[in-house]
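Asks: 3D model of this:
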Amino acid sequence: MTIKICAVVTATNIPDVKRMVEKAEQCGADIIEIRMDYLSEKFNVGEIRRFTSLPLIATNRFQREGGFFRGLNKERVEVLLDAAASGFDFIDIELMANNSRKIVKRIKALGVKSIVSHHIFTLTPRLSEITKIYERELNAKGDICKIITTAKKIEDNLTCLRFVVEASKSNDVICFCMGELGVISRLLSPVFGGYFTYASVGRGKESAVGQFTVAETKKFYELINKIDLED
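Replies: This next block holds a predicted model:
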């Protein structure tokens, strides 16, 4: 069972980005997401790319999707395209973004994979509604389809996991619940076929409620693998 963990870097300045990237490497992360909307100073994406040889995701989230970018959407997208041109491996673009399909096309033209994402902060909809969102993401031509919901009850985890089981048979998908009640699907999504899950670099550095650290997440999967071997 191959499971990938993506460490989320939520630093507000470049020196801290470097420190968090180095810690993510030390903890054994497989992928690193740079949350560029957290940065409060000017930065050079090429410099960030040189901090590590691990695959990098560039994310520049706007406010209505839970991010902190406050400028014009055109400026936000240009940062992402600059990251693609600078050697980042994945670009996360929101399904709700203006002209998301055209942006994905520009990302692919630069030889980079796109993650088309959608976040729901109020609930976990029915499986049929998640499937409709997924179909819209497929229509945007994303390489990886990401749908993150919010758990209001334990059963919501099952909805996301059912989706992952079926959708992952034909496409790369990421789907789990945020929130304290969503930790079950956050951890088990890759076990059921999800492309990867997200974890924080350290306590207090989370980008969403319910995130464990990379070290804690790795321990969980090591335990799962141990159980498999013993069986």
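Asks: Check the burial of residue 84 by counting its neighbours.
Replies: Neighbour count of residue 84, defined by other Cβ atoms under 10 Å: 22. No exception for glycine: its C-beta is placed from N, CA and C like everyone else's.
Asks: Contact partners for it?
Replies: Neighbouring residues of residue 84 by Cβ atoms under 8 Å, 6 or more residues apart in numbering: 58, 91, 106-107, 110-112.
Asks: Now tabulate those residues in CSV and tack on secondary structure.
Replies: Formatted as CSV, the contacts of residue 84 follow (DSSP: H, G, I helix; E, B strand; the rest coil):
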residue, secondary structure
58, strand
91, strand
106, helix
107, helix
110, coil
111, coil
112, coil
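Asks: Looking at these, which is nearest residue 212?
Replies: residue 58 (23.1 Å; Cβ to Cβ).
Asks: For the closest one, list the residues it contacts.
Replies: 34, 36, 45, 79-80, 83-84, 88, 90-92.
Asks: Relative to residue 83, how far out is it?
Replies: Distance of residue 58 to residue 83, computed by Cβ to Cβ, to the nearest Å: 4 Å.
Asks: so what sits against both of those two?
Replies: 34, 36, 45, 91.
Asks: Give me the three-state assignment for residue 176.
Replies: Looking at residue 176 with three-state DSSP, the answer is strand.
Asks: Please read the previous query as pertaining to residue 48.
Replies: Using three-state DSSP, the structure places residue 48 in helix.
Asks: Test my guess that it contacts residue 34.
Replies: Yes. Using Cβ atoms under 8 Å, residue 48 is in contact with residue 34, at 5.9 Å.
Asks: Neighbour count: these two, which is higher?
Replies: Comparing residue 48 with residue 34 by other Cβ under 10 Å, the one with more neighbours is residue 34, at 29 against 24.
Asks: Grab the nearest non-local neighbour of that one.
Replies: Among residues not flanking residue 34 along the chain, residue 9 sits closest, at 5.1 Å (Cβ to Cβ, 6 or more residues apart in numbering).
Asks: Could you give the backbone dihedrals for the one you found?
Replies: Backbone dihedrals for residue 9, given as degrees, to the nearest 10, come out at phi -100, psi 120.
Asks: Please name the residues that touch it.
Replies: Contacts of residue 9 (Cβ under 8 Å, 6+ apart): 17, 20-21, 24, 32-35, 201.
Asks: next one: residue 126
Replies: residue 159.
Asks: now the shared contacts of residue 58 and residue 83 in JSON lines, with distance to residue 71 and pLDDT?
Replies: Below are the shared contacts of residue 58 and residue 83 laid out as JSON lines (distance: Cβ to Cβ, whole Å; pLDDT from 0 to 100):
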{"residue": "34", "distance to residue 71": "17", "pLDDT": "98"}
{"residue": "36", "distance to residue 71": "11", "pLDDT": "97"}
{"residue": "45", "distance to residue 71": "15", "pLDDT": "96"}
{"residue": "91", "distance to residue 71": "17", "pLDDT": "98"}
